[in-house]
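# Give me a 3D structure for the following:
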Amino acid sequence: MRDGDTHDMKVLVGIGGADDSLVALEESVRRAVDTGDSLTVGVVANPESNRDPSALVDAATAALADAGLPTDVRELSGDPGSALVEVAESEDFDQIVLGGGKRSPMGKIKLGHIAEFVLLNSRTSVKLVRDDAG
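Numbering: from 1, shown residues only. Predicted coordinates:
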């Protein structure tokens, strides 16, 4: 949050069909309900997931509507990581929220290609939400 600002954060949630991205969406929706954050969902094609992007758009729209939030859901084209970074920076988002991968049996975090790209290339703050249940 910017110093001196009393308005809530403008958050871009990137989902690509991996289980951890759906956990990130759920957590972001809960937080937006609690804090009044402005939430936009960017659906990207994830080659590591077999979920259909249009089904993800429908699921995200339903999740926002069920929570009583504005349903700003977009299907982003092109390279997933680049698309998320471009939208976040061109539209002045305060934060990008992504699924943060899983822990390996050795306890190390394994990031997907999209999360790794966004972390390395975004000037916007990035929050990773891990799915430790699985």
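# So the closest residue in space to residue 82 that isn't next to it in sequence versus residue 37, what's the distance?
Taking Cβ to Cβ, 6 or more residues apart in numbering, and ignoring the residues beside it in sequence, residue 82 has residue 117 as its nearest neighbour in space, at 7.3 Å. To be clear about C-beta, it is placed using only N, CA and C from the backbone, and glycine gets the same treatment. Note on residue 117: its distance to residue 37, by Cβ to Cβ, to the nearest Å, is 24 Å.
# more crowded one of the two?
Each of residue 117 and residue 37 has its neighbours counted (other Cβ atoms under 10 Å); residue 37 has more, 20 against 17.
# residues touching the more buried one, list them.
8-11, 28, 31 (Cβ atoms under 8 Å, 6 or more residues apart in numbering).
# With residue 126 instead?
95-98, 118-119.
# Tell me, how many residues neighbour the closest residue to it other than its chain neighbours?
Leaving aside its sequence neighbours, residue 126 sits nearest to residue 96 (Cβ to Cβ, 6+ apart; 4.9 Å). When neighbours are defined as other Cβ under 10 Å, residue 96 has 24 of them.
# returning to what we had before: so which of the contacts of residue 126 comes closest to residue 19?
Proximity of those to residue 19 was ranked by Cβ to Cβ; the top entry is residue 98 with 12.7 Å.
# Might one say that residue 24 is in contact with residue 13?
Yes. In terms of Cβ atoms under 8 Å, residue 24 counts as a neighbour of residue 13; the distance is 6.1 Å.
# which neighbours do these two share?
97-98.
# More neighbours: which of those two?
Applying other Cβ under 10 Å to residue 24 and residue 13 shows that residue 13 carries more neighbours, namely 29 against 25.
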